[in-house]
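J.: Fold the following.
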Amino acid sequence: MGWRGTIVLSLALLAALMVLYRELIAESSDMSWQSVLQGTREAPPGEQITHLLSFDPATVKAVRLRRGAQEWHVERRADGWNGAERASDVDDFLDNLLALAEIMPLEVSADQLADHGLDPPEAVVEVERTDEPPVVLLLGRRNPPATGVYAQVGTSGRVVLTGALALWDFETAARALSPTAAAP
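T.: As a prediction, this is how the structure comes out:
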């Protein structure tokens with residue numbers, strides 16, 4: 001093959017690469033060569049997260065925390081959260097709730113809830129939303145290695161193991177609320 005044949009084959013190869021690039025770009029919004037060559041990759045199973053709760057923080061009109069006979073309550077007003085010393089504490093708590101991950105779903109019957117600290121629950125978080133039903137999270141005891149907390153989404157919902165940070169976030173939010181927000 002002469003130099004003319006080499007040029008023709010090179011042009012054909014270049015045209016095929018351009019068509020392939022256009023096809024791959026149609027599947028991806030990232031137009032860099034690196035993204036095209038690496039392609040899309042799914043997160044490994046260890047990096048896949050199933051969030052425990054899902055709600056829009058902008059629709060939250062009140063938050064109620066209960067532990068035993070103690071209760072804390074804050075309401076959203078035009079000027080911020082009524083019942084909290086700093087509005088950012090309540091906003092941070094809502095963000096932390098949304099970040100909670102479901103570590104492991106559990107098969108727990110109604111007569112086994114007490115074994116997990118969920119009948120009665122050790123702590124209750126109730127998030128009241130505008131024009132939507134409230135989000136209720138029941139927190140039970142820690143798992144034996146104390147790395148997680150048994151939780152129930154809703155009063156009759158699924159039981160899961162979530163991170164121990166759920167209790168820490170609850171305690172932090174309860175301390176952040178003003179003393180006047182605590183029920184007698």
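J.: for the longest helix that the chain contains, packing partners?
T.: Longest helix of the chain, by residue count under DSSP state H: helix 3-27. Packing contacts for helix 3-27, counted by 3 or more CB pairs under 8 Å, 6 or more residues apart in numbering; DSSP states H and E, involve helix 33-38. All C-beta atoms are positioned from the backbone trio N, CA, C, and that covers glycine.
J.: what helix or strand is Glu75 on?
T.: strand 70-77 (DSSP states H and E).
J.: in that strand, what's buried?
T.: By 16 or more other CB atoms under 10 Å, the buried positions in strand 70-77 come out as 71-76.
J.: ok, then the element right after the host helix or strand of Glu126?
T.: Per DSSP H and E, Glu126 falls inside strand 123-129. Next in sequence after strand 123-129, counting helices and strands by DSSP H and E, comes strand 132-142.
J.: where does that following strand sit relative to the chain's centre, distance-wise?
T.: The chain centroid and the centroid of strand 132-142 are separated by 14 Å, computed with CA atoms, centre = their mean, to the nearest Å.
J.: and the angle for it with strand 123-129?
T.: Between strand 132-142 and strand 123-129, the angle comes out at 160 degrees (axes from the mean of the first three to the mean of the last three CA atoms, to 10 degrees).
J.: buried stuff in strand 132-142?
T.: Those would be 134-142, for strand 132-142 by 16+ other CB under 10 Å.
J.: Quickly name whichever of the residues you listed is closest to Leu13.
T.: Val135 (57.1 Å; CB to CB).
J.: and the closest one, what does it touch?
T.: 53, 55, 125-127, 129 (CB atoms under 8 Å, 6 or more residues apart in numbering).
J.: Skipping adjacent residues, who's closest to Arg129 in space?
T.: The shortest distance from Arg129 to any non-neighbouring residue, by CB to CB, 6 or more residues apart in numbering, is to Thr59 (4.5 Å).
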